[in-house]
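Novice: model the structure of this input:
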Amino acid sequence: MNALKPPSAFVAVERFDTVVARAFAADPATRHTRDRLIAEVHAGRHDALLLRAAEGLDGLPPAVERRAAVNTIDFAFEPLVLPGLSVPQALAYFEAVERSVQVGEARGLERPGPLWVDTVHHTCVFSVLFQFAAYLRRHRSCDRIVLLHQGTRPEPRLDVAANLLSRVHGLVLLRVPLRESWFSVLARATTPQTAIFYLVDTPRAGLSAPPRHRPAQVELHAGGGLRHSVDVVSGSAAFARRLGATHLVLDYPEPDRLRLAPSDPGRPPACPLVDWVFWPALVPAGAEAVTRLSA
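Specialist: Reported below is the predicted structural model:
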C-alpha cells in the first residue's frame, strides 16, 4: 500500500493527487507547499480536477469539495512530517484519530484462528490501522499484524507504525508485498494470532492492465443520501478461504464511525467520499469508474 500510486500504475490522465505529489517533490519546504496548495484550492485554481467536475457530483457544496482536496494534500503531507516526530509525538498523532472516528460496531471476533480484514484507503488509514491493531491486541490477543501492500515505493508511515506497535503494544507488523509467491509467504507467516489487513479499493477503471481478480465494489457516501458505487480490484474472499481465516470488513458507514463485521457480498465496504484517498480517479474519468449513482 502506498500513499499515491506511481504514474505507471494508472492510465495517464491528470489528477489532483498527482499535481499534489509533484508539488511536494519539487519543493523541500513542505509546510510552505502545503499552505500554497490549500490556498490554490480556495482560489479555484484546481477546480477542473476536483470532485464537482466528476459525473453526478456537480451539486456537491463547494465546502465539501474543498475538504476532499485538503484531505488529499494532507495525506501526501503526512509521510513527509511523521518520521520527524518523537515517539511520544507519533503515538499521540496516531491516537488522535479516536477523536474523529469511533468504533461503532465490532462483530466476528468470536471464532478462533487468524483474521482476514478487508479495509479501504481512508485518509486516516494509517492511524486507524495502528489503533485497530492495538484493539485486536486487547480484545483478540493478536500478536502479529500482516499488511498486504503493492510495495511500489517505501512507505515511511508504516516504518513509524511498526516501531510504535512493537514498543508500545508488543505487536509485530509484517509487510507482505503483492508480488510473485506472495501467498506462500503469507501462509508461512500466518498463525492463529495473526490479523491480516488487505486494502480492497484500488479502482479498476484507472488500472493500465486488466485486473486478474473478480469484480468488487466500494460504496462511497457524501451525505444527503448520495451514494457512488465504484468498481475496484479484490480477491480477498478466495484468499481468506484458502487460509482458513475469518473474513471481516473494517469500513466507515458514517463519517465518524468505524464498523467491523463479517464480510457480506451484498454489502460493499463503505467510505465517506471526501475521505477516500482515490477520489481523484473519479475526475475526469467519472463516467468510466462510477458504475452506479443514486440519490
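Novice: what count of nearby residues applies to Arg241?
Specialist: Applying other Cβ atoms under 10 Å, we find 11 residues neighbouring Arg241. All C-beta atoms are positioned from the backbone trio N, CA, C, and that covers glycine.
Novice: endpoints of stretch 112-123, how far apart?
Specialist: Using Cα to Cα, to the nearest Å, one end of stretch 112-123 lies 31 Å from the other.
Novice: could I get the average pLDDT for it?
Specialist: Across stretch 112-123, pLDDT averages out at 96.
Novice: and the gap between the spatially most central residue of the chain and Leu226?
Specialist: What sits nearest the mean C-alpha location of the chain, by Cα atoms, centre = their mean, is His121, with 1.2 Å. Separation of His121 from Leu226 (Cβ to Cβ, to the nearest Å) stands at 20 Å.
Novice: likewise for Arg45?
Specialist: 26 Å.
Novice: the more surrounded of the two?
Specialist: Leu226 (16 against 12).
Novice: now the residue nearest to the centre of the chain. Nearest residue, chain neighbours left out?
Specialist: Nearest non-adjacent residue to His121, counting by Cβ to Cβ, 6 or more residues apart in numbering: Val277, 3.8 Å away.
Novice: show me what contacts the one you found?
Specialist: Ala3, Asp17, Thr72, Phe75, His121, His122, Thr123, Val125 (Cβ atoms under 8 Å, 6 or more residues apart in numbering).
Novice: so what does the fifth one look like in phi/psi?
Specialist: Just to be clear, that refers to His121. As for His121, its main-chain torsions (degrees, to the nearest 10) stand at phi -80, psi 80.
Novice: ok, it to Asp201 distance?
Specialist: Going from His121 to Asp201 by Cβ to Cβ gives 6 Å.
Novice: again with the third one
Specialist: Applying Cβ to Cβ, one obtains 15 Å for the distance of Thr72 from Asp201.
Novice: the fourth one too?
Specialist: Phe75 is 14 Å from Asp201, where distance means Cβ to Cβ.
Novice: which residues of the stretch 1-150 of the chain score low on pLDDT?
Specialist: 1-13 (pLDDT under 70).
Novice: now the strands for the protein?
Specialist: 102-106, 115-119, 144-149, 172-177, 194-199, 202-203, 215-221, 227-233, 246-254, 257-262, 270-272, 290-294 (DSSP state E).
Novice: could those strands be laid out in TSV, adding mean neighbour count?
Specialist: Formatted as TSV, the strands of the chain follow (neighbours: other Cβ atoms under 10 Å):
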stretch	mean neighbour count
strand 102-106	13
strand 115-119	25
strand 144-149	22
strand 172-177	16
strand 194-199	24
strand 202-203	24
strand 215-221	20
strand 227-233	20
strand 246-254	21
strand 257-262	18
strand 270-272	23
strand 290-294	14
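Novice: redo those strands as a markdown table? Include distance to Ala63.
Specialist: Formatted as a markdown table, the strands of the chain follow (distance: least, Cβ to Cβ, whole Å):
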| stretch | distance to Ala63 |
| --- | --- |
| strand 102-106 | 23 |
| strand 115-119 | 27 |
| strand 144-149 | 33 |
| strand 172-177 | 37 |
| strand 194-199 | 28 |
| strand 202-203 | 25 |
| strand 215-221 | 17 |
| strand 227-233 | 19 |
| strand 246-254 | 19 |
| strand 257-262 | 21 |
| strand 270-272 | 14 |
| strand 290-294 | 21 |
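Novice: and Pro88, which of the ones you listed is closest to it?
Specialist: strand 172-177 (19.3 Å; Cβ to Cβ).
Novice: what are the pairing partners of that closest one, and which direction each?
Specialist: strand 144-149 (parallel) (DSSP bridges).
Novice: taking strand 115-119 as reference, get the angle to the partner strand.
Specialist: 40 degrees (axes from the mean of the first three to the mean of the last three Cα atoms, to 10 degrees).
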